[in-house]
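**Q** pasting the structure only:
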């Protein structure tokens, strides 16, 4: 991993995911959760202010030391206990059925093997526990999709592996989860980057 991937890309990604306008999306993603939650792609801890008080512990998975440092102030301010449980969401060193719920925000786009990560979450979440996903991805409009395919090679370089053309809804449905609700829409900004999906699955 080179200097750009270690030090520059995480700061770009964290800044891109920081607008306050994403707050309502993050709040929708985690509302109603309780108990112990595993969050892969914890990043700079941007979800922490939105977790309900019924969430007592967050098991965080984050490969970037820069992101972990950038999350420090939010971790200190959070009433939840934060426990680091790994660097790789594709390979969780956890027993089966050990957490109540799982959260993934803006990470399925970048994880090298998102299908494997989703199957790992299916393994460690207790029966009846929910998966919550907030993600950008493949737009429904052919013209926007064309631009997404054109821009994706540059996106993968600038954002260290981020894809514009992954379909989070299809990924979740194909890898062990039954989707119970989906909310999708364009948000303000360039359409290749701003078609968002918020979903829940069991």
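**A** That came in fine, so what should we check first? Keep in mind that what you see is a predicted model, and the values were worked out from it rather than measured. Numbers count the residues shown, from 1 in each chain.
**Q** residues making contact with the strand or helix carrying residue 197?
**A** Assessed by DSSP states H and E, residue 197 sits inside strand 195-201. Residues external to strand 195-201 that are found in contact with it (Cβ atoms under 8 Å, 6 or more residues apart in numbering): 25, 28-29, 130-140, 144, 168-169, 172-173, 177-187. The C-beta positions use only the backbone N, C-alpha and C, and glycine is treated the same way.
**Q** Among those residues, the buried ones, what's the PyMOL command?
**A** Buried residues within these, by 16 or more other Cβ atoms under 10 Å, are selected in PyMOL with:
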select buried, resi 25+29+130+131+132+133+134+135+136+137+138+139+144+168+169+172+173+177
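**Q** Let's check: the centremost residue of the chain is which one?
**A** In the chain, the residue lying closest to the centroid (Cα atoms, centre = their mean) is residue 105, at 2.1 Å.
**Q** any low-confidence regions in the protein?
**A** Residue ranges of the chain with pLDDT under 70: 1.
**Q** most distant residue from the middle of it?
**A** Outermost residue of the chain (Cα atoms, centre = their mean): residue 143, 26.0 Å.
**Q** What distance do you get for that one to residue 184?
**A** For residue 143, the distance to residue 184 equals 17 Å [Cβ to Cβ, to the nearest Å].
**Q** And the helix ranked longest in the chain, what's buried?
**A** Scanning the chain for the helix with the most residues, using DSSP state H, yields helix 142-158. For helix 142-158, a neighbour-count test (16+ other Cβ under 10 Å) marks 144, 145, 147, 148, 151, 152, 155 as buried.
**Q** quick check, nearest of those to residue 58?
**A** residue 155 (28.4 Å; Cβ to Cβ).
**Q** can you pull out the helices in this structure?
**A** 3, 9-16, 23-30, 65-70, 72-77, 114-124, 142-158, 168-174.
**Q** Residues in a beta bridge with residue 136, which ones?
**A** residue 196 (DSSP bridges).
**Q** my read: it touches residue 193, true?
**A** Yes - the pair residue 136 and residue 193 qualifies as a contact (Cβ atoms under 8 Å) at a distance of 6.2 Å.
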